[in-house]
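Novice: what follows is a predicted structure for the sequence shown.
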Amino acid sequence: MAYKVLKKFRDRETGDILFPGSQYDHADGKRISHLQDLGFIDGKEDKKSSTVNYPKHTGGGYYELSNGEKVQGKDSALKEENKLNKGGD
């Protein structure tokens, strides 16, 4: 279940910083309810996007590719992800 982030917050379990407009996914209904009550995430599940877009920014200028590899720099990450999607070397 993915929910739209309304206010910037740091997830206490993962340490990830989530920004407005991004997606928050968690299996624990109590955690979801708590964040909704505090106004950090939307009250309804975001059905249009429960998939992760790659490359995914992991902080410090690093990006995670769809194959799990980490790359430094957005341009490099986009280039490498395009290669993965095209099946190139």
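Specialist: Everything's here; your move.
Novice: list the residue ranges of the chain that fall below the pLDDT cut-off.
Specialist: Where the chain drops to pLDDT under 70, the residues are 45-52, 88-89.
Novice: please enumerate the strands of it.
Specialist: 2-5, 9-10, 17-18, 23-25, 41-45, 56-59, 62-64, 70-72 (DSSP state E).
Novice: can you redo these as a markdown table with distance to L78?
Specialist: Using the backbone N, CA and C atoms, a C-beta is placed for each residue, glycine as well. Shown next, in a markdown table, are those (distance: least, CB to CB, whole Å):
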| stretch | distance to L78 |
| --- | --- |
| strand 2-5 | 23 |
| strand 9-10 | 26 |
| strand 17-18 | 21 |
| strand 23-25 | 20 |
| strand 41-45 | 28 |
| strand 56-59 | 11 |
| strand 62-64 | 8 |
| strand 70-72 | 9 |
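Novice: longest helix of the protein?
Specialist: helix 74-86 (DSSP state H).
Novice: for that helix, which positions count as buried?
Specialist: 77, 80-81 (16 or more other CB atoms under 10 Å).
Novice: which helices and strands does that helix pack with?
Specialist: If you count contacts as 3 or more CB pairs under 8 Å, 6 or more residues apart in numbering; DSSP states H and E, helix 74-86 packs onto strand 62-64.
Novice: hang on, the earlier thing: got the strands of the chain as CSV, with distance to H34 and mean neighbour count columns?
Specialist: Putting these into CSV (distance: least, CB to CB, whole Å; neighbours: other CB atoms under 10 Å) gives the following:
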stretch, distance to H34, mean neighbour count
strand 2-5, 12, 19
strand 9-10, 11, 14
strand 17-18, 14, 16
strand 23-25, 12, 18
strand 41-45, 10, 16
strand 56-59, 24, 13
strand 62-64, 27, 18
strand 70-72, 31, 14
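Novice: what's the span of stretch 15-23, first residue to last?
Specialist: End-to-end span of stretch 15-23 (CA to CA, to the nearest Å): 15 Å.
Novice: how far is it from where the chain is centred?
Specialist: Distance, stretch centre to chain centre, for stretch 15-23: 7 Å (CA atoms, centre = their mean, to the nearest Å).
Novice: list the contacts of N67.
Specialist: By CB atoms under 8 Å, 6 or more residues apart in numbering, the contact list for N67 reads L84.
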